[in-house]
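A.B. asks: show me how the following folds:
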Amino acid sequence: MKKLQPVRGTKDIPEKEFLELSSISLIWNKISLLNGFNMVETPILEDSEVFKKTLGTTSDIIKKETYTFKDRSNNEITLRPEGTASIVRFFINNKLQQSLPQKFSYAGPMFRYDRPQKGRFRQFYQFGAEMIGERDIYADIELISLAKLFVNESGVSDKSFKIQVNSLGDEVSRKKYILELQNFFQDHKKELTTESLERLKKNPLRILDTKNNEEKKLLEKAPKLKDFLTNEASDIFEEFKKGCKQLRIPIVINDNLVRGLDYYNNICYEFISNDIGAQDSFLAGGRYDGLIKKMGGPNYPGCGFAVGVERLLLLKPSSIKDTKRFLTPNSYVLIAVGKENKIKAMEIKNKIIEIVDKEPSSNLLYRYLIDFICRDNLSKGLKYANEKEADFAIIIGQDEIKNKEIIIKDLKKRNQKKIEIKNLKLIFR
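C.D. replies: Take a look at the predicted model:
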């Protein structure tokens with residue numbers, strides 16, 4: 001019989017990983033809401049046209065990475081491979097152009113049929129932010145500033161990553177550059193891989209994203225897009241760089257940086273780290289003016305970014321300022337000793353939860369995690385608490401109920417104290 005296991009490229013998320021994911025999600029929600037980006041959610045399933053129209057036929061995602069199928073009504077459906085196209089579709093469908101700019105944030109699973117490797121899965125989580133309807137460069141600067149703030153608030157120091165930026169120029173810039181690039185690569189066709197030869201026919205810009213080492217050497221001789229920027233595109237890039245400097249955002253220019261999605265123009269950027277393997281980018285974004293119109297909406301500008309959560313969490317512990325910020329700090333197991341005491345013990349647990357729920361949770365998911373177990377003797381309850389690696393045990397037996405008190409046992413320091421139930425607020429606050 002075939003052994004049942006997760007589909008290749010997917011994985012189960014055990015308790016500790018789930019806490020990390022939940023904690024960093026809370027940080028994302030807090031940071032994005034504080035900066036005026038409203039959380040929205042779109043379906044995991046989308047009409048395939050949503051991505052065919054937006055990602056471009058030459059992108060690797062459309063060519064070989066989407067999970068696309070026909071449903072029972074013969075509709076072609078795609079599991080979303082990224083978030084921007086769905087957010088733009090959401091903006092158009094809900095006619096949200098009355099009050100611009102619109103600022104959205106989102107979080108959820110994405111799906112790509114990619115080769116599984118360190119930090120890259122076929123089902124993976126992304127957080128993202130999009131701003132629609134603002135053409136001024138301050139929007140790009142606001143977003144890259146938000147991205148850096150989130151990464152830092154997650155506990156990752158500036159020393160652990162670099163922010164690479166480039167300008168993809170406007171349409172006029174790219175037309176001139178693509179023509180020059182085609183001529184260059186035509187003269188070096190023998191040095192190109194089969195994949196790059198295909199890209200040469202459809203979109204030569206995609207060759208700049210090659211992972212082949214020999215082609216990377218060739219790119220050093222290739223024309224640079226910066227030399228073909230129009231005055232307007234060049235001014236936009238200069239203003240962006242100046243704004244980043246004023247906000248102390250340490251950027252590095254990468255002339256060969258292009259995004260893997262064909263809808264980007266002008267500003268693009270990636271946050272990269274050497275601590276997460278070959279796939280060193282964990283956050284990326286840029287501007288996508290023209291995308292909304294391409295999808296059937298008004299001709300509004302847009303820009304945004306997305307962060308790969310698994311890759312962000314892969315950063316080495318040495319680069320985390322305080323790893324405990326990812327975890328629930330105080331975990332308790334409330335032990336009801338004896339079945340006859342379980343209801344009273346649950347009442348006390350509910351009182352504690354009520355107290356905790358009213359307290360601000362600061363940067364953490366919860367200040368307290370309170371598990372409940374009923375055992376016929378204390379030793380079995382303490383064994384369970386230790387197996388769960390709890391910090392504390394709350395012990396409630398017949399005597400504690402009679403005396404209207406609880407015992408809190410520190411499982412690390414091996415000491416304990418009695419607390420009157422009327423004083424619970426003094427402990428759980």
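A.B. asks: where does residue 390 sit: helix, strand or coil?
C.D. replies: coil (DSSP: H, G, I helix; E, B strand; the rest coil).
A.B. asks: do residue 307 as well
C.D. replies: Going by three-state DSSP: residue 307 is strand.
A.B. asks: let me know the helix or strand that the residue nearest to residue 37 when sequence neighbours are not counted is in.
C.D. replies: Nearest residue to residue 37 in three dimensions, chain neighbours excluded: residue 105, at 4.0 Å (Cβ to Cβ, 6 or more residues apart in numbering). For glycine as for every other residue, the C-beta is placed from the backbone atoms N, C-alpha and C. For residue 105, the host element (DSSP states H and E) is strand 102-111.
A.B. asks: next one: residue 74 from residue 191, what distance?
C.D. replies: Residue 74 is 45 Å from residue 191, where distance means Cβ to Cβ, to the nearest Å.
A.B. asks: neighbour count: these two, which is higher?
C.D. replies: residue 191 (13 against 6; other Cβ atoms under 10 Å).
A.B. asks: and the protein, what are its domains?
C.D. replies: 15-170+230-319, 328-427 (automatic domain parsing).
A.B. asks: which of those is buried the deepest?
C.D. replies: domain 15-170+230-319 (a mean of 18; mean count of other Cβ atoms under 10 Å).
A.B. asks: what's the offset of that one from the middle of its chain?
C.D. replies: 9 Å (Cα atoms, centre = their mean, to the nearest Å).
A.B. asks: now do the same end-to-end measure for stretch 372-379.
C.D. replies: 15 Å (Cα to Cα, to the nearest Å).
A.B. asks: which residues touch that stretch?
C.D. replies: Residues outside stretch 372-379 that contact it (Cβ atoms under 8 Å, 6 or more residues apart in numbering): 333-339, 341-342, 345-346, 349, 381, 384-385, 395, 397.
A.B. asks: coming back round to it: wait, what's in contact with the residue nearest to residue 37?
C.D. replies: 28, 29, 32, 33, 37, 38, 39, 40, 127, 128, 129, 130.
A.B. asks: output the lowest mean pLDDT helix or strand found in this protein.
C.D. replies: helix 60 (a mean of 59; mean pLDDT, DSSP states H and E).
A.B. asks: list the contacts of the residue nearest to residue 381 when sequence neighbours are not counted.
C.D. replies: In space, and not counting its chain neighbours, residue 381 is closest to residue 335: 3.4 Å by Cβ to Cβ, 6+ apart. By Cβ under 8 Å, 6+ apart, the contact set of residue 335 is 345, 373-375, 378, 381-382, 384-385, 393-396.
A.B. asks: where does pLDDT dip in this protein?
C.D. replies: Along the chain, segments meeting pLDDT under 70 span 56-63, 259-262, 277-279, 316-329, 357, 359-367.
A.B. asks: coming back round to it: save the domains of the chain as CSV, and put in distance to residue 198 too.
C.D. replies: Shown next, in CSV, are these (distance: least, Cβ to Cβ, whole Å):
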stretch, distance to residue 198
domain 15-170+230-319, 8
domain 328-427, 46
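A.B. asks: about what we covered before: could you export the helix or strand in which the residue nearest to residue 381 is found as CSV, CA atoms only?
C.D. replies: With elements taken from DSSP H and E, the one containing residue 335 is strand 330-337. The C-alpha trace of strand 330-337 is given here as CSV (Å, rounded to 0.1, in the frame of the first residue of the first chain):
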residue,chain,number,x,y,z
ASN,A,330,4.7,32.3,28.8
SER,A,331,3.1,28.9,28.2
TYR,A,332,1.0,27.3,30.9
VAL,A,333,-0.7,24.0,31.4
LEU,A,334,-3.6,24.2,33.8
ILE,A,335,-3.9,20.8,35.5
ALA,A,336,-7.2,19.7,37.0
VAL,A,337,-6.3,17.0,39.5
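A.B. asks: thanks a lot, catch you later.
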